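let's see this in three dimensions:
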Amino acid sequence: MSKIFIDTNILTYTVDKQDHTKHKTARKTLKFIIDEHAPVISTQVINEFYVVAVTKMKANPTIVKNIVHNFNNIEIINNDLELIEQAIDISILTQISYWDALIIAAAEKANCKYIVSEDFNGGQNYRGVIALNPFKSSLDF
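Got it, this is the predicted structure:
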């Protein structure tokens, strides 16, 4: 069973009422990861998910809080000082944004094989973690 890091955008599209295609793909992807693999997120992902879901997606804050509560069943990587320093190094070396580097650092810390996101180049290997974009191609774990 592979450990798979789930980026914020996958979670936020699960509550998106505007983009029906991404909504359906995100829900299908999330279900597949939860049923067949070991999902991983970080405290960064949880915080971003809550803010985007409530502000941009206009989701009910109480419902979003209940969704966040259910993350209790998923491995969560805390953003500590060591992780932040790793993200800074990744950002400097790869010239990607700090926030994306923090995702890579968290996935690497959790020993994930994959990151599922629309924000990275699909198929690219980031320090041993392969990025997959379910909105551009089917997932092949």
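
least confident secondary structure element in this protein?
The least trusted helix or strand in the chain, going by mean pLDDT, DSSP states H and E, turns out to be strand 125-126, with a mean of 91.

just the buried residues of whichever strand or helix holds K24, please?
Taking DSSP states H and E as the definition, K24 sits inside helix 20-36. Using 16 or more other C-beta atoms under 10 Å as the test for burial, helix 20-36 gives 22-23, 25-26, 29-30, 33. Where C-beta positions appear, they are placed from N, C-alpha and C, glycine not excepted.

any regions of the protein where pLDDT drops low?
Applying pLDDT under 70 to the chain picks out residues 139-141.

so which residues of it form strands?
3-6, 38-42, 75-77, 114-116, 125-126, 129-132 (DSSP state E).

can you get me a residue count around E82?
11 (other C-beta atoms under 10 Å).

that one and Y50: what is the separation?
E82 sits 24 Å away from Y50, going by C-beta to C-beta, to the nearest Å.
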